[in-house]
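> I'd like to go over a predicted model; first the sequence, then the structure.
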Amino acid sequence: MPLIFVLSPGADPMAGLLKFAEDKGFGGSKFNAISLGQGQGPIARKMIEAAVEDGSWVALQNVHLAVSWMPQLEKICEDFSPETVNSNFRLWLTSYPSPKFPVTVLQNSVKMTNEPPTGLKANLYQSFTTDPVCDTNFFEGCPGKEQVFEKLLFSLCFFHAIVQERKKFGPVGWNIPYGFNDSDLRISLQQLQLFVNEYSHIPLNAVTYLTGECNYGGRVTDDWDRRCITTILRVYYTEEVVHDNKYKFSPSGTYFAPPSGNYDSYIQFIKNLPSSQLPEVFGMHDNVDISRELQDTKQLFEDLLLTQAQSGGGGAGGSSTEQKLTDIATDILSKLPAGFDIDDAIEKYPVKYEESMNTVLVQEMERFNRLCDVIKSSLLNLQKAIKGLVVMAESLEKVAGSLLVGKVPELWSKNSYPSLKPLGSYITDLVARLMFLQTWYNNDKPTCFWVSAFYFNQAFLTGVKQNYARKYTIPIDKLDLDFEVLPCDDIDQHPDDGAYVKGLYLEAARWDGKKMSLAESNPKVLYDVVPVIWLKPAIKTEISTEGKYVSPVYKTSARQGQLSTTGHSTNFVLAINLPTIKPQKHWVLRGTCLLCSLDD
């Protein structure tokens, strides 16, 4: 009978299993482990065959990755019998939930899961009560340097709890939810002990790099998350932690590094911590709790919609549904204008060496034409299918299902710019973008661009730099954009160089028009409209970021995106330097960014 650990993000049972095996006398050569993947199946099979005879233990990790080998695993488990298997033999499996996992193995096994703890207090307690911290030899492993090691050990455990708990705040915490686990903490603790023992001074730069860039940073794939995790670590790996008896981890002082003491004193200190924590300990604004609750509510309603039975096609209910779909389709089609005439646009705005915006306009018109064609054709075909004139294909059924619950159909999303808006708001936003391009076509280049309206924002930004490069005969690869926030919401004249843009929103901060700098968000106000920003092309070496926060700009509040074929992220647009009175790390911990569009 196999024993299965059902994995979850942030949980790693292997360390506990190894210690358990050691305690039971199955350590060393009596315990064999292998991580499954391509080509590892035959090796795992030989391990099991040998262990069945000699009574040792075998652990197969990440079984979900070996989809093609699962039928063989099922056959191996079916062949187990008391007559042929050594009574000491144990087969341990670890796997994330997978639809391909053999049902018979699952039914005839002991299933376990090890969920990561919730809350800073529970996280800290687990770190201190598991290997290696709970081992007296490890905890007292720096003779003569107890204060240095114990203080940094507590700071590291606190850092581990912080990076785990930031996930609950969604994109404001991390752009991508990473599976930080106990193995990251374990190797970081062992390296910390090694460096403290080997050096007479505290090698903070070395341990910070190893912990932030290698151990934890090795999981981080987003550049802005990497900036965030290294900024967080610098709060906890610092000289002040060692020398200050109550170094504060939060502005209120609720969380601090306790004075050096024995192991039991640290356990007692952790037990006395509050069970729930305020956002301040993460360096965040209180508004982030509202964002988290809205996110949880949205997820709840999405899950409820999945359980809702779809209306059938027959009877009075079916007729009512069909009429509703017809009305929705008719309403959307009535709002969408006719497609842009690309030939006329090329004739009116030809390719010109000194004006790259002509090309940007024509390309944007082509992209929106393709999107509108997909929307119109799917709605027209849906109306025909309702009348019985064409077959209701699976793609049309999905479109109909999304329209009924007010979601943007997946067919449209695949051909659309990124958007998290519900159906009604999406159509309103789409029509506004089309009107922006139509006004540009009718009245010439706008004095202030609605930067959020572009399907492919990077084309516009490149056009701004290209115009400057050609005007002053400077290689474009030596240029970048500098930024100046203007004290106005619109402007009616063109700049000498660059472009004026509007339509951006600040999340986790607001713009102070009096001080012309970033400021703390107002209570219960999640987003703030940013005034006009002047994009000023300049030589890269002449652009200064001193006294500024380098803020990423995203198309949606999801922040996470995929790398597209153009080499750009599907969500990230650019980084804008915003003046700030407070240090940059303050806004990094806040998760401050600029958004092109909101979710409603």
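Now that the structure is in, tell me what you want to look at. Numbers count the residues shown, from 1 in each chain.
> Can you list the low-confidence ranges for the stretch 351-500 of the chain?
Counting by pLDDT under 70, the stretch 351-500 of the chain contains no low-confidence residues.
> mind listing the strands for it?
Here the stretch 351-500 of the chain has its strands, by DSSP state E, counting those that start in this stretch, at 448-450, 479-485, 499-502.
> Pick the most deeply packed of those strands.
Mean neighbour count (mean count of other C-beta atoms under 10 Å) peaks for strand 499-502 among the strands of the stretch 351-500 of the chain, with a mean of 23. From N, CA and C alone the C-beta is placed, and that goes for glycine too.
> List the neighbouring strands of that strand plus their orientation.
strand 448-450 (parallel), strand 533-539 (antiparallel) (DSSP bridges).
> any idea whether the closest residue to L185 other than its chain neighbours is helix, strand or coil?
Among residues not flanking L185 along the chain, H160 sits closest, at 4.6 Å (C-beta to C-beta, 6 or more residues apart in numbering). Classification of H160 using DSSP: H, G, I helix; E, B strand; the rest coil returns helix.
> pretty sure H160 is touching R186, no?
No - if you go by C-beta atoms under 8 Å, H160 and R186 don't touch, sitting 9.9 Å apart.
> Could you check which of those two has the larger neighbour count?
H160 (25 against 19; other C-beta atoms under 10 Å).
> Measure how far stretch 182-201 is from the centre of its chain, please.
Relative to the chain's own centre, stretch 182-201 is displaced by 29 Å; criterion: C-alpha atoms, centre = their mean, to the nearest Å.
> For that stretch, buried residues please.
Buried residues in stretch 182-201, counting neighbours by 16 or more other C-beta atoms under 10 Å, are found at 182, 184-186, 188-189, 191-193, 195-196.
> And the pLDDT for the residue of the chain most remote from its centre?
Taking C-alpha atoms, centre = their mean as the measure, the residue most remote from the mean C-alpha position of the chain is E83, 51.0 Å away. pLDDT, E83: 84.
> Whichever helix in the chain runs longest: how far from the chain's middle?
What stands out as the longest helix in the chain, according to DSSP state H, is helix 357-387. Put simply, helix 357-387 sits 30 Å off its chain's centre (C-alpha atoms, centre = their mean).
> any idea how far the closest residue to Q466 other than its chain neighbours lies from L479?
Nearest-residue entry for Q466: S356, 4.4 Å, with adjacent residues in sequence omitted and distances by C-beta to C-beta, 6+ apart. Per C-beta to C-beta, to the nearest Å, S356 is found 13 Å from L479.
> How about L194?
46 Å.
> With F154 instead?
Taken as C-beta to C-beta, the span from F154 to L479 is 48 Å.
> now V405
With C-beta to C-beta as the criterion, V405 and L479 are 47 Å apart.
> And M70, by the same measure?
Counting by C-beta to C-beta, the gap from M70 to L479 is 54 Å.
> The residue farthest from the centre of the chain falls within a strand, correct?
No - under three-state DSSP, E83 sits outside any strand and is assigned coil.
> show me the residues around it that make contact.
By C-beta atoms under 8 Å, 6 or more residues apart in numbering, E83 lies in contact with nothing.
> Understood, closing this out.
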